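J.: The sequence and its predicted three-dimensional model are supplied below.
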Amino acid sequence: MAAEDFLLLIDTAQYGKSWDASSSLFQGQVPKDTWIQQISAIRSALGKLNKREIINAQYMTRLPGAPDGEYVVIQYESSFDSKQNGVETVTPMLDKDAQWRVSGYYIR
């Protein structure tokens with residue numbers, strides 16, 4: 001699954017590889033160096049992942065600020081050393097080559 005593979009790269013600090021595995025939409029919006037800098041700062045501040053469980057998954061064809069397409073918005077309840085109650089949102093999309101790749105990752 002694209003979301004789980006992406007999260008594994010993030011969890012193991014393979015930030016450059018996570019960008020490489022992301023969708024063309026994601027890559028077009030966030031330069032690789034910027035992504036690596038931002039995600040490494042965020043994840044190092046959170047500490048080690050302790051738990052992650054899917055709490056919601058929704059198929060959508062329209063998302064704010066994104067072109068129409070096929071998306072799955074997946075929300076995970078996550079716990080880290082420095083943040084006990086986080087929600088990660090991972091949004092895989094069907095990319096131009098008909099492969100599912102992550103087009104968005106957010107944590108709050």
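T.: Structure's in. What do you need?

J.: And the next helix or strand past the lengthiest helix in the chain?
T.: Ranked by residue count and defined by DSSP state H, the top helix of the chain is helix 32-46. Going down the chain from helix 32-46, the next helix or strand is strand 49-60, by DSSP states H and E.

J.: for the helix or strand just after that following strand, packing partners?
T.: Sequence-wise, the next helix or strand downstream of strand 49-60 (DSSP H and E) is strand 71-80. With contacts defined as 3 or more C-beta pairs under 8 Å, 6 or more residues apart in numbering; DSSP states H and E, strand 71-80 has these neighbours: helix 2-11, strand 49-60, strand 86-94, strand 100-107. Every residue, glycine included, has its C-beta placed from N, CA and C.

J.: what helices or strands is the following helix or strand past the first one leaning on?
T.: Put plainly, it is helix 2-11. As assigned by DSSP H and E, the chain's next helix or strand after helix 2-11 is helix 15-20. Secondary-structure packing of helix 15-20 (3+ C-beta pairs under 8 Å, 6+ apart): helix 2-11, helix 32-46.
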